[in-house]
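J.: Next comes the sequence, and after it the predicted model I'd like to discuss.
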Amino acid sequence: MRKHGKKFTAAATKRDVATRYQARQAIEFVKSAAYAKFDETVEVAVRLGVDPRHADQVVRGTVVLPAGTGKTVRVLVIADGEKAREAEQAGADYVGTEYIAKIKDNWLDFDVLIATPNLMGQLGALGRVLGPRGLMPNPKAGTVTMDISRAVREVKAGKIEFRVDKSGNVHAAIGKVSFPADALETNFTAFMDQIVRARPPAAKGVYVRNVAISSTMGPGVAIDITPYR
């Protein structure tokens, strides 16, 4: 059993474990219970009624968090010609096909990789490097596209990707403890709306089973799931 420190225990005593809080209440608790010396990330965990072992019950998607993520995202775009110029104008941090060779040499100083479809063949050989780190571009995530400008702007504005894990859970960071409660609530609402929209037709019974929110170091709080049924 994991042992928690005095600060965590003190923060945890402020919550009622038998209560499922309204989203705003939970967010305000998480902000008040954060005790680390750094600006903690606010994280949401959603337990879904799906069996990810079946392809038709895999839940994945993207959402642009209206208030941003609170972190600077380094974007690499693999494109050439006019599309490379679009990427530069949209604010990409690194642009060009020469970065393919750099990745082969284990250069990975970026957070999101966007590529045009015509160059995906050259990235295929890097699957073993990019795949395990969640960096391989994917059409469903909007990172394989000809609309490079839009893709870069959305990522910079706070676009995140989510995917259910093998246990049926989805985890996402929706901002920082330093965010105003209104901003965190806006991001939380956008994320949950997208989770609900991503429900697979094959999912039976209760879809959203549990939702909890916490900061990086702080205790989690259960959220009332009534609005998501």
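T.: Perfect, I can see it now. Keep in mind that what you see is a predicted model, and the values were worked out from it rather than measured.
J.: which residues touch Gly158?
T.: Val64, Leu65, Pro66, Ala67, Gly68, Thr69, Asn187 (Cβ atoms under 8 Å, 6 or more residues apart in numbering). All C-beta spots, glycine's among them, are computed from the backbone N, C-alpha and C.
J.: if I look at the nearest residue to Val129 once chain neighbours are set aside, how far off is Leu126?
T.: Counting by Cβ to Cβ, 6 or more residues apart in numbering, the nearest residue to Val129 once its immediate chain neighbours are dropped is Ile103, at 6.2 Å. Per Cβ to Cβ, to the nearest Å, Ile103 is found 6 Å from Leu126.
J.: ok, those two, which is more surrounded?
T.: The residue with more neighbours, out of Ile103 and Leu126, is Ile103; 19 against 15, by other Cβ atoms under 10 Å.
J.: Quick check, the more buried one in contact with Gly127.
T.: No: assessed by Cβ atoms under 8 Å, Ile103 is found out of contact with Gly127, at 11.1 Å.
J.: Could you measure from the residue of the chain most remote from its centre over to Gly91?
T.: Within the chain, the residue lying farthest from the chain centre (Cα atoms, centre = their mean) is Gly81, at 30.6 Å. Per Cβ to Cβ, Gly81 is found 18 Å from Gly91.
J.: What of Tyr35?
T.: Tyr35 is 35 Å from Gly91, by Cβ to Cβ.
J.: Same question for Ile78.
T.: Here the criterion is Cβ to Cβ. By it, Ile78 lies 16 Å from Gly91.
J.: so who does Arg209 touch?
T.: So Arg209 contacts Arg47, Leu48, Gly49, Ile225 (Cβ under 8 Å, 6+ apart).
J.: and it, that's in a strand?
T.: Yes: per DSSP: H, G, I helix; E, B strand; the rest coil, Arg209 lies within a strand segment.
J.: what helix or strand is Phe29 on?
T.: Take DSSP states H and E as the rule and Phe29 turns out to sit in helix 23-33.
J.: Low-confidence regions, the protein specifically.
T.: Low-confidence regions of the chain, defined by pLDDT under 70, span residues 1-5, 7-13.
J.: Same drill for Tyr35 and Gly91, tell me which one is more crowded.
T.: Using other Cβ under 10 Å, the more surrounded residue of Tyr35 and Gly91 is Tyr35, with 16 against 13.
J.: Let me know the secondary structure of that one.
T.: Secondary structure assignment for Tyr35 (three-state DSSP): coil.
J.: Please state the backbone phi and psi of it?
T.: Note on Tyr35: backbone dihedrals following degrees, to the nearest 10 are phi -130, psi 0.
J.: Tell me where the longest helix sits in this protein.
T.: In the chain, with assignment by DSSP state H, the single longest helix is helix 181-197.
J.: Taking helix 23-33 as reference, get the angle to that helix.
T.: Here helix 181-197 runs at an angle of 130 degrees relative to helix 23-33 (axes from the mean of the first three to the mean of the last three Cα atoms, to 10 degrees).
J.: contact partners of stretch 180-193?
T.: Stretch 180-193 is contacted by residues 23-24, 27-28, 31, 42, 44, 46, 63-67, 158, 160, 162, 172, 174-175, 179, 208, 211, 213, 227-228 when judged by Cβ under 8 Å, 6+ apart.
J.: how about it: buried residues?
T.: For stretch 180-193, burial by neighbour count (16 or more other Cβ atoms under 10 Å) applies to Ala183, Leu184, Glu185, Thr186, Asn187, Phe188, Ala190, Phe191, Met192.
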